[in-house]
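K.L.:
Build me a structure from this.
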Amino acid sequence: MAAVPFLNIPFKERTDKAFVVETNKTRFNENLGGGSRNDLKVSGKDTDGQLAIFEIHTKGNAGPALHIHQDQDEIVTVIESDYLFQIGDEKIKLKAGDTLFIPRGTPHAFVHLGQNTTGRKLSTYQPAGNIEEMFRQIGNLKERTPENIQKAMVVNNSKIVGSPLKVE
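P.N.:
Got it, this is the predicted structure:
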């Protein structure tokens, strides 16, 4: 079993070949949902759980409730359109090309600022944890209520801690 030299972590599950995930495609031909179109680009299965990367497409003025991922840092890079983020009590407007680092355990939410457009952003979760399964469970909900979403978030040690952001 190989190890990452500077971390001395043995690889358990990891791809050993380069791959391309084309535009508008997902790693395993699956939309993980979750309220937006979530295209998995790099899976925790590819990286021995070290990280997962999603391209998230947000239509209209939408976004999730204020929430926390207890076990993952999240790095967001806006690809297209503008977003308003809440990080703790602070609100930050991001535009295409901006990158935001959200430390694990930090309450955060976002709303896309385009009523008639679709925004796109990359969200990288480090480590991957069960983020893929969390999005899968949320995407498969028949009724997307805050209570049902909260139950699905438990699989990733994440939780809702407030309301969704509104466009001001």
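
K.L.:
Buried residues in stretch 77-87, which are they?
P.N.:
Neighbour-count burial for stretch 77-87 flags Thr77, Val78, Ser81, Asp82, Tyr83, Leu84, Phe85, Gln86, Ile87 (criterion: 16 or more other CB atoms under 10 Å). For the C-beta atoms, the positions are set from N, CA and C on the backbone; glycine is no exception.

K.L.:
Check the separation of the first and last residues in that stretch.
P.N.:
Across its full length, stretch 77-87 reaches 15 Å end to end, with CA to CA, to the nearest Å as the criterion.

K.L.:
Show me the contact partners of it.
P.N.:
55, 58, 63, 66, 76, 91-100, 102, 106-114, 117-122, 124, 165, 167-168 (CB atoms under 8 Å, 6 or more residues apart in numbering).

K.L.:
I'd like the mean pLDDT over it, please.
P.N.:
Summarised as a single mean, pLDDT over stretch 77-87 is 98.

K.L.:
Run the chain-centre distance for that stretch.
P.N.:
Using CA atoms, centre = their mean, to the nearest Å, the mean C-alpha position of stretch 77-87 is found 13 Å from that of the whole chain.

K.L.:
Please apply the same query to stretch 62-82.
P.N.:
6 Å.

K.L.:
For Val76, which three-state class applies?
P.N.:
With DSSP: H, G, I helix; E, B strand; the rest coil as the basis, Val76 sits in strand.

K.L.:
What's the local residue count around it?
P.N.:
One way to gauge burial is a neighbour count; for Val76, by other CB atoms under 10 Å, it gives 19.

K.L.:
Nearest residue to the middle of this structure?
P.N.:
Here the mean C-alpha position of the chain is nearest to the C-alpha of Ser123 (CA atoms, centre = their mean), at a distance of 4.7 Å.

K.L.:
bridging residues for that one?
P.N.:
According to DSSP bridges, Phe54, Val76 are recorded as the beta-bridge partners of Ser123.

K.L.:
For it, give its distance to Asp16.
P.N.:
According to CB to CB, to the nearest Å, Ser123 and Asp16 sit 25 Å apart.

K.L.:
Check Pro103 too.
P.N.:
When Pro103 is compared with Asp16 (using CB to CB), they lie 31 Å apart.

K.L.:
Just want to know which of those two has more residues nearby.
P.N.:
More neighbours surround Pro103 than the other of Pro103 and Asp16, with 11 against 7 (other CB under 10 Å).

K.L.:
Please name the residues that touch that one.
P.N.:
Pro103 makes contact with Asp73 under the criterion CB under 8 Å, 6+ apart.

K.L.:
Lys159 now?
P.N.:
Counting by CB under 8 Å, 6+ apart, Lys159 makes contact with His67, Ile68, Gln70, Gln150, Met153.
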